[in-house]
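**Q** Here's a sequence, model it:
(chains A, B, C and D)
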2 protein chains.
Amino acid sequence: MARPRQFDEETVLAAVRDQFWTAGYAATSLEDLLRVTGLGKGSLYAAFGDKRRLYLRVLGDYVEATHNTLRAVLADAPRAIDGLRRYLTAPAADPTGAAALRGCFLANSTSEMAAADADVLSASHGAFEERTGILAEAVARAQREGDFSADADPRHAARAIVAAQQGIVFMGRTGIDVTELRAVAETLADQVLPAAPAR
Amino acid sequence: MARPRQFDEETVLAAVRDQFWTAGYAATSLEDLLRVTGLGKGSLYAAFGDKRRLYLRVLGDYVEATHNTLRAVLADAPRAIDGLRRYLTAPAADPTGAAALRGCFLANSTSEMAAADADVLSASHGAFEERTGILAEAVARAQREGDFSADADPRHAARAIVAAQQGIVFMGRTGIDVTELRAVAETLADQVLPAAPAR
DNA sequence: CCAGTTCTTGACCATGCGGTCCATGACAGC
DNA sequence: GCTGTCATGGACCGCATGGTCAAGAACTGG
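**A** You can find the predicted model right below:
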């Protein structure tokens, strides 16, 4: 332990993630990563290994951060149903549409590499399983709170919610008009979050 | 016009499409395309131009073929609602799950390149607009046939259907179990194709 | 102030890439 | 059967890529 690093690891990883996020894995060159991080080749390799390892690293960090945020949103929501709805409509929340076009880093990665890279596939699969679990809990809570159709299986409902949200994210990437994206998100949210019948 | 081509254009284009489909654009090398088509570099370039043009060509062909199939399925369905349901559950139809893992060529392309390549974005955007139109007609027909909630706007409903279907396709790419994928598709189909209230 | 250790910089490397081009040969029309 | 035309195959090119390495700089602990 002689010489401390001149860079902040989190900052570097965030820059790397953003680069991969916007350009994709294959379309990002080593040079891009150096430019974006300000590091030299040697430093980057010594600290994080090669391009693929670095990618898997930021992908894992992203998933973890995303799920922490999701858990917090759900926990902070006065009623679980509000959190669920917010989860579904979030992709259409940015009024400029830039975020929508960018999509979700995990989803982009899955689409680009899951079929060819077993590690990416397994990361993606695991992430969505975990997400399903988180949402299933929220669905169960919404049922207890009387806001969600009681005869639905929470896990099935959660899967449908995840799929619907990814569908919305995807439509954002097609360059759909933001207003229309918002309408789709609202429609799907209504359909995928069936209310309990009024008593 | 002296020497006829030694290859069948459609066969070659299908092979190219499958290669791009499974591996993605960036991960497909020229050599891959030559191997898969059996052509020499000169022939391929003389016939179709460079890699990117070839890609856009097969992408366009794919979209056209897909929409023709969709139109046929909807037209052949005894009731429009059956065609719509089939459209939603198709991604989960293959019992091996291989097709699900492969996903949709258009969706994969969109995810990989739409953010970086304006032509791909515009192709994708246009394709989904067209698809929305096709489905909106089917929704209207289903309404006339009394199978679809009458107070829904066909175009909005169609957008939700497209998004839901893409969500299902996407879940297939995450390596989800085929049985579960089928369940998700059924659940979403029920939710996204609201029945007209029984009279 | 020194010694030891680690980080940093950038030169360097081999390779595979997309793309061009030309000599060859196969075919059609006459 | 001859000639002109065009598809073919592969040699060739320049380049950018991902990755390695070694020499020097910067900092810590004593």
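**Q** Identify the residue of chain A closest to chain B, quick one.
**A** Residue nearest to chain B within chain A (Cβ to the nearest Cβ): residue A:167, separated by 2.9 Å. Every residue, glycine included, has its C-beta placed from N, CA and C.
**Q** so how far is DNA strand D from the residue lying closest to that residue once chain neighbours are set aside?
**A** In space, and not counting its chain neighbours, residue A:167 is closest to residue B:167: 2.9 Å by Cβ to Cβ, 6 or more residues apart in numbering or on different chains. Plainly put, residue B:167 is 31 Å away from DNA strand D if you go by Cβ to the nearest atom of the strand, to the nearest Å.
**Q** From residue B:109, how far off is residue B:167?
**A** 17 Å (Cβ to Cβ, to the nearest Å).
**Q** Show me chain A divided up by domain.
**A** Taking automatic domain parsing as the criterion, chain A consists of the domains A:1-49, A:58-192.
**Q** average pLDDT for the longest one?
**A** What it means is domain A:58-192. Averaged across domain A:58-192, the pLDDT comes to 97.
**Q** Could you do the shortest one as well?
**A** For domain A:1-49, mean pLDDT is 92.
**Q** Grab the nearest non-local neighbour of residue A:112.
**A** Using Cβ to Cβ, 6+ apart and skipping the chain neighbours, the partner closest in space to residue A:112 is residue B:112 (5.1 Å).
**Q** Mind checking which of residue B:167 and residue B:109 has more residues around it?
**A** With neighbours defined as other Cβ atoms under 10 Å in any protein chain shown, residue B:167 and residue B:109 compare such that residue B:167 has more, 30 against 27.
**Q** could you say what helices and strands the helix or strand harbouring that one packs with?
**A** Secondary structure assigned from DSSP states H and E places residue B:167 in helix B:154-173. Counting contacts by 3 or more Cβ pairs under 8 Å, 6 or more residues apart in numbering or on different chains; DSSP states H and E, helix B:154-173 packs against helix A:105-113, helix A:154-173, helix A:178-192, helix B:80-89, helix B:98-102, helix B:105-113, helix B:118-144, helix B:178-192.
**Q** Go through the ones you listed and pick out the most buried.
**A** A comparison of these by mean neighbour count, using mean count of other Cβ atoms under 10 Å in any protein chain shown, puts helix A:154-173 on top with a mean of 26.
**Q** got the angle between it and helix A:80-89?
**A** Helix A:154-173 and helix A:80-89 are oriented at 30 degrees to each other (axes from the mean of the first three to the mean of the last three Cα atoms, to 10 degrees).
**Q** Specify the angle between helix A:154-173 and helix A:105-113 in degrees.
**A** Between helix A:154-173 and helix A:105-113, the angle comes out at 80 degrees (the same axes, to 10 degrees).
**Q** now helix A:154-173, how far from the centre of its chain.
**A** Distance of helix A:154-173 from its chain centroid, counting by Cα atoms, centre = their mean, to the nearest Å, is 11 Å.
**Q** pull the CA atoms of it into CSV?
**A** Output of helix A:154-173 as CSV, limited to C-alpha atoms (Å, rounded to 0.1, in the frame of the first residue of the first chain):
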residue,chain,number,x,y,z
PRO,A,154,-48.8,-12.1,-6.5
ARG,A,155,-46.0,-13.8,-8.3
HIS,A,156,-47.9,-14.1,-11.6
ALA,A,157,-49.0,-10.5,-11.3
ALA,A,158,-45.5,-9.4,-10.6
ARG,A,159,-44.2,-11.1,-13.7
ALA,A,160,-46.8,-9.4,-15.8
ILE,A,161,-45.9,-6.1,-14.3
VAL,A,162,-42.2,-6.6,-15.1
ALA,A,163,-43.0,-7.6,-18.6
ALA,A,164,-45.3,-4.7,-19.1
GLN,A,165,-42.7,-2.3,-17.7
GLN,A,166,-40.1,-3.7,-20.1
GLY,A,167,-42.5,-3.3,-22.9
ILE,A,168,-42.9,0.3,-22.1
VAL,A,169,-39.2,0.8,-21.8
PHE,A,170,-38.8,-0.8,-25.2
MET,A,171,-41.4,1.4,-26.8
GLY,A,172,-39.4,4.3,-25.5
ARG,A,173,-36.4,3.1,-27.5
